[in-house]
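*Asks:* model the following, please.
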Amino acid sequence: AGGSLAGRLFSARVLPLLDRMAGNQVADYLSGLLIGDEIAQGLAGHAGGAPVIIGRGDLAERYRLAFAAFGQEAQVAAPGMARRGLWEIARRAGIIA
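*Replies:* Purely as a prediction, here's the structure:
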């Protein structure tokens, strides 16, 4: 949907009041708005290649579905990759041995 992100986020407050969304769906709606905006902004400057999503399984799946909605295929990394990556960054920075 069009409009500013702030306006769309604010709409989450009124949708249940107007019976356009159940109250227990608001968190998922907000998550979808934020993920969709993040991907739209990221794809605007994207040079190519399939994105790799690193994160918690259910959240990574939301990102994968959002990329697909933008017509972009994305890979979900194996579980534990964020932890491994942070460990490797700390090792290379000399923070840990």
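
*Asks:* packing partners for the longest helix seen in the chain?
*Replies:* Identified as the longest helix of the chain according to DSSP state H is helix 26-44. Helix 26-44 sits against helix 5-14, helix 57-69, with contacts defined as 3 or more C-beta pairs under 8 Å, 6 or more residues apart in numbering; DSSP states H and E. Using the backbone N, CA and C atoms, a C-beta is placed for each residue, glycine as well.

*Asks:* which stretch among the ones you listed comes nearest G32?
*Replies:* helix 57-69 (7.2 Å; C-beta to C-beta).

*Asks:* distance from that closest one to the middle of the chain?
*Replies:* Centroid separation for helix 57-69 versus its chain: 7 Å, with C-alpha atoms, centre = their mean, to the nearest Å.

*Asks:* what angle separates that helix from helix 26-44?
*Replies:* For helix 57-69 against helix 26-44, the angle between stretch directions is 50 degrees (axes from the mean of the first three to the mean of the last three C-alpha atoms, to 10 degrees).

*Asks:* quick one: contacts of whichever helix or strand comes after helix 57-69?
*Replies:* Next helix or strand after helix 57-69 toward the C-terminus (DSSP states H and E): strand 75-76. Residues outside strand 75-76 that contact it (C-beta atoms under 8 Å, 6 or more residues apart in numbering) are 50-53, 57, 60-61, 63-64.

*Asks:* what do you get if the cut-off is 10 Å, keeping everything else the same?
*Replies:* Strand 75-76 has contacts (C-beta atoms under 10 Å, 6 or more residues apart in numbering) with 50-55, 57, 60-61, 63-64, 67.

*Asks:* do stretch 90-97 as well
*Replies:* Under the contact criterion C-beta under 10 Å, 6+ apart, stretch 90-97 has outside partners 87-89.
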